[in-house]
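Asker: Just a sequence and a predicted model for now, questions to come.
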Amino acid sequence: MAEPTSDKHYEDRFEFPLWRLIKERAEEKDISYHDAMFEVVPEYEKTIRYGDTEFEQQQIQKRRAEQLALSERERKLQRIHEGG
Amino acid sequence: MSLDKTADRVIETDVLIMGGGIAGCYCAVKAASKGLNVTLVEKAKTDRSGSGAMGEDHYEPVPCDGVTPLEFVKLWQERQHDVCGDGRFVDLNIPYRLLDKATWVLDESEKIGITMKWTNGEYYHMPSGWFGGPRLMIRVHWSDIKPKLANAVRSSGVNVLERTMIVDLLTNSGRIVGATAVNVRTGEFIVIKARAVVLATGIFARCYEPEEPLFYKYQMKYHWCPASISGDGYAVAYRAGAELANMDITGWGYRIRDDLCISYGNFDHGDGIRAKWYTWDGEEIDYPTAPLYREIELKGKDPIYVSQEHLHDDYHRRMEVSFTDEKLISFKISEDRMFNPRKHRYELMENHPLNFMVPTGVYVNEDFKSSLPGLYAIGDCATGLHGCGNAALSGLWVGDHIDSNTDVASAPDIDEAQVEKQKKIALAPLNVSRGTEPIELELSTRYVCKRYVGMFKNEGRLREGQRRLHSLKREFLHKLMAKNPHYLMRALECRNITDLVEVHIAACLERKETRGQFIRLDYTEKDPSRDNMITIQRSENGQAVMEIREAPDLKPEYLKEEK
């Protein structure tokens, strides 16, 4: 990954997938982005695992483990800093 | 002098609501449904004004997982402790009511055509954001919440005055009897006689730098901090003699640079996946509180970045849907900035306050009554309330209960001398040709806050800030000029901002301790005498009065509650 403060890091053009769909629908039907959004979002939502509690818990636990490890590392550094 | 000669228009109403955001609209609809004559005054356009102007993607609290109101109060307090430190800072019966009546709000909303249900017709409780705990937040498709509420207000027969700014409240014998207002398109001066006044103008934030680097355009467009929040409700209440609470509590504001937005409903909160924070050279750090941020600055490790790179693609797509509910423009802004949240990191704002926090505002009890008879405060304008759920509940509650208050024998008796004085203040800038632009004074005041108050306070800086503010007010307030009525609004906002900054600095000077994110470099410990205390400020015959008062605990009957 390019260094975050460099221009190179931001060179690639990016389009949010949902935004692309909204723009396409707006152009196709000659309607506003706002109106296109109401058509596109319900379709897009079907691709998302809302309410899949097993999946969600898995993601939460994964992140939780990372956070706990970070907190533990910080505590250790703090103890060293304090001469403990 | 006759009132008809002083005012261009005189309106009589049962209930005057100041501010047409989510709280104000809910209140107006409910009060009108009870047969009351309601007037709603909004300085912008009700269809797209207030913190919900661009939409909302989340709503809380909604009961779930068997959480009782008593348990909710504890959770609520834990959340406040992150910013305020330990102790209670508001009447705890307020958060109790928030959950206790939450289901009633859902039902009432449905009645006026505002649904909080998800696409599948059910309430969608998101996983709790902080690694477990009850799921009290729901996702909502509220991109059009404001136009829908504005329609509900209009069809309820409420008299809506848009592009109209309240100048000050009118009092008589210690009671609120109405307000004066000015139309910021025509300059029409209006007197509104009211049996009760409800303040619903949101939180106060415009004394600190909003969104950099485009601050000249008032780019403070995050959904709970729109450009309009100049503390108008706080200021008119204070000048009328009502109590303000905890005007010392500003936390470090979690903001993103470059106009980029996070999706609140997902990011770091609702959907349960915590963000990651990094120093500029890529070292991962804990959630950056103000003291940690300062430590990193001193080590030369800032800017601090916040990241979503670690999220599963499913969560990135959830984020996109959130954007459509809350800020569709975010797609365009990100595209223009070449920003891709899947691989780029957001730069956090610098370490200084950006707005006042939940315990600040017009001091109210659990019925949202202020310390002055006839005056209520709802939504973010009131102490202890924050967010759209709190706005909806307090608005509905006051709208539902206000009739007993308005049941007075005689019509409000207006003091004409008071009206005349307020008219002079309101219209004076139209007669100044070589004066000060409101934005000049506003930016100077913001600079005082940033330089002399900030996150890390001491007596010397605060005193110097106080002196400089007095100097600015003395020298420039009367020189504010308005080339047209629109600038009258800016001038009046300036008056409100400078008055509130004076209150803010006085509160910070009085609090000689460090607690939570209130940090005094000259008083680094907690002062036990401030445990559970509220800083109360009011104006008495033009003189500032301060009182340190114990925050009410839960009522005994609430404490007895068992799960």
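Answerer: Now that the structure is in, tell me what you want to look at. It should be emphasised that the depicted structure is a prediction, and the values quoted were computed from it without experimental measurement.
Asker: Going by C-alpha atoms from here, please, whenever you check contacts or count neighbours.
Answerer: Fine.
Asker: Strands of the stretch 1-150 of chain B, residue ranges please.
Answerer: Secondary structure of the stretch 1-150 of chain B by DSSP state E, counting those that start in this stretch: the strands cover B:9-18, B:38-41, B:56-59, B:124-125, B:138-142.
Asker: Ignore what I typed, I meant the stretch 351-500 of chain B.
Answerer: Using DSSP E, counting those that start in this stretch, strands in the stretch 351-500 of chain B cover B:353-356, B:361-362, B:375-377, B:456-457.
Asker: need those strands in TSV with distance to chain A, mean neighbour count and mean pLDDT, can you?
Answerer: As requested, the strands of the stretch 351-500 of chain B are arranged in TSV below (distance: least, C-alpha to the nearest C-alpha, whole Å; neighbours: other C-alpha atoms under 10 Å in any protein chain shown; pLDDT from 0 to 100):
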stretch	distance to chain A	mean neighbour count	mean pLDDT
strand B:353-356	25	25	80
strand B:361-362	35	34	97
strand B:375-377	33	30	97
strand B:456-457	22	21	96
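Asker: one step back: with chain A as the reference, name the closest of the strands of the stretch 1-150 of chain B.
Answerer: strand B:124-125 (7.8 Å; C-alpha to the nearest C-alpha).
Asker: starting at the chain centroid, how far to the closest one?
Answerer: Its chain's C-alpha centre lies 26 Å from the corresponding centre of strand B:124-125 when counted by C-alpha atoms, centre = their mean, to the nearest Å.
Asker: Return the list of strands paired to that strand, each annotated with direction.
Answerer: If you go by DSSP bridges, strand B:124-125 pairs up with strand B:138-142 (antiparallel).
Asker: could you give the mean pLDDT of the partner strand?
Answerer: Mean pLDDT, strand B:138-142: 93.
Asker: Could you do stretch B:271-291 as well?
Answerer: Across stretch B:271-291, the per-residue pLDDT values average to 88.
Asker: any chance of the strands of the stretch 351-500 of chain B in CSV, with distance to B:Lys555 too?
Answerer: Converted to CSV, these look like this (distance: least, C-alpha to C-alpha, whole Å):
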stretch, distance to B:Lys555
strand B:353-356, 27
strand B:361-362, 21
strand B:375-377, 21
strand B:456-457, 36
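Asker: residue closest to the middle of the chain?
Answerer: You didn't pick a chain, so chain A it is. A:Phe16 (10.9 Å; C-alpha atoms, centre = their mean).
Asker: should've been chain B
Answerer: So for chain B, C-alpha atoms, centre = their mean, it's B:Ile203, sitting 1.5 Å from the centre.
Asker: Could you pull up phi and psi at it?
Answerer: For B:Ile203, the backbone dihedrals (degrees, to the nearest 10) come out as phi -80, psi 180.
Asker: just checking, it touches B:Ser228?
Answerer: No: in this structure, B:Ile203 is not within contact of B:Ser228 by C-alpha atoms under 8 Å, at 9.7 Å.
Asker: For those two, list the residues in contact with both.
Answerer: With C-alpha atoms under 8 Å, 6 or more residues apart in numbering or on different chains applied, the contact sets of B:Ile203 and B:Ser228 do not overlap.
Asker: re earlier: Serialize the strands of the stretch 1-150 of chain B to a markdown table and add fields for distance to B:Leu3.
Answerer: Formatted as a markdown table, these follow (distance: least, C-alpha to C-alpha, whole Å):
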| stretch | distance to B:Leu3 |
| --- | --- |
| strand B:9-18 | 8 |
| strand B:38-41 | 19 |
| strand B:56-59 | 42 |
| strand B:124-125 | 53 |
| strand B:138-142 | 43 |
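Asker: related to what we said a few turns ago, for the residue nearest to the centre of chain B, give me its contacts.
Answerer: B:Ile203 sits next to B:225, B:229, B:231, B:355-356, B:361, B:380-382 when contact means C-alpha under 8 Å, 6+ apart.
Asker: Mind listing residues that contact stretch B:427-436?
Answerer: B:187, B:476, B:478-485, B:488, B:491.
Asker: Any buried residues in that stretch, and which?
Answerer: B:427-430, B:436 (16 or more other C-alpha atoms under 10 Å in any protein chain shown).
Asker: That stretch: end-to-end distance?
Answerer: 15 Å (C-alpha to C-alpha, to the nearest Å).
Asker: Identify all contacting residues around stretch B:177-189.
Answerer: Here stretch B:177-189 makes contact (C-alpha under 8 Å, 6+ apart) with B:7-9, B:16, B:43, B:162-171, B:190-197, B:374, B:412-414, B:419, B:422-423, B:426-427, B:484-489.
Asker: same check, this time on stretch B:10-21
Answerer: With C-alpha under 8 Å, 6+ apart as the test, stretch B:10-21 has contacts from B:3-4, B:24, B:27-28, B:31, B:36-43, B:46, B:49-53, B:146, B:166, B:178, B:190-202, B:233, B:406.
Asker: How far does that stretch sit from its chain's centre?
Answerer: That offset, for stretch B:10-21, works out to 19 Å (C-alpha atoms, centre = their mean).
Asker: lowest-pLDDT helix or strand in the chain?
Answerer: This is for chain A. Here the helix or strand of chain A ranked lowest by mean pLDDT, DSSP states H and E is helix A:53-81, holding a mean of 85.
Asker: was after chain B, sorry
Answerer: Lowest on mean pLDDT, DSSP H and E among the helices and strands of chain B sits helix B:403-406, with a mean of 70.
Asker: For chain B, which helix extends over the most residues?
Answerer: helix B:485-510 (DSSP state H).
Asker: And the average pLDDT for it is what?
Answerer: On average, helix B:485-510 scores 97.
Asker: Tell me the buried residues in that helix?
Answerer: Result for helix B:485-510 [16+ other C-alpha under 10 Å]: buried residues B:485-509.
Asker: now do stretch B:524-544
Answerer: So stretch B:524-544, judged by 16+ other C-alpha under 10 Å, has buried residues B:526, B:530-539.
Asker: about what we covered before: figure out which of the strands of the stretch 351-500 of chain B is closest to B:Glu547.
Answerer: strand B:361-362 (14.4 Å; C-alpha to C-alpha).
Asker: who touches that closest one?
Answerer: B:203-204, B:233-234, B:237, B:242-247, B:370, B:377, B:380-383.
Asker: Please apply the same query to stretch B:22-38.
Answerer: Residues outside stretch B:22-38 that contact it (C-alpha under 8 Å, 6+ apart) are B:13-18, B:39-40, B:50-52, B:146, B:149-150, B:152-153, B:156-159, B:198-201, B:378-379, B:388, B:391-400, B:402-403.
Asker: With stretch B:475-489 instead?
Answerer: Here stretch B:475-489 makes contact (C-alpha under 8 Å, 6+ apart) with B:165, B:183-187, B:426-438, B:441, B:491, B:495.
Asker: Show me those that map onto helices.
Answerer: B:426-427, B:438, B:441, B:491, B:495.
Asker: The residues you listed: which two are farthest apart?
Answerer: B:Leu427 and B:Leu441 (17.6 Å).
Asker: Noted, bye for now.
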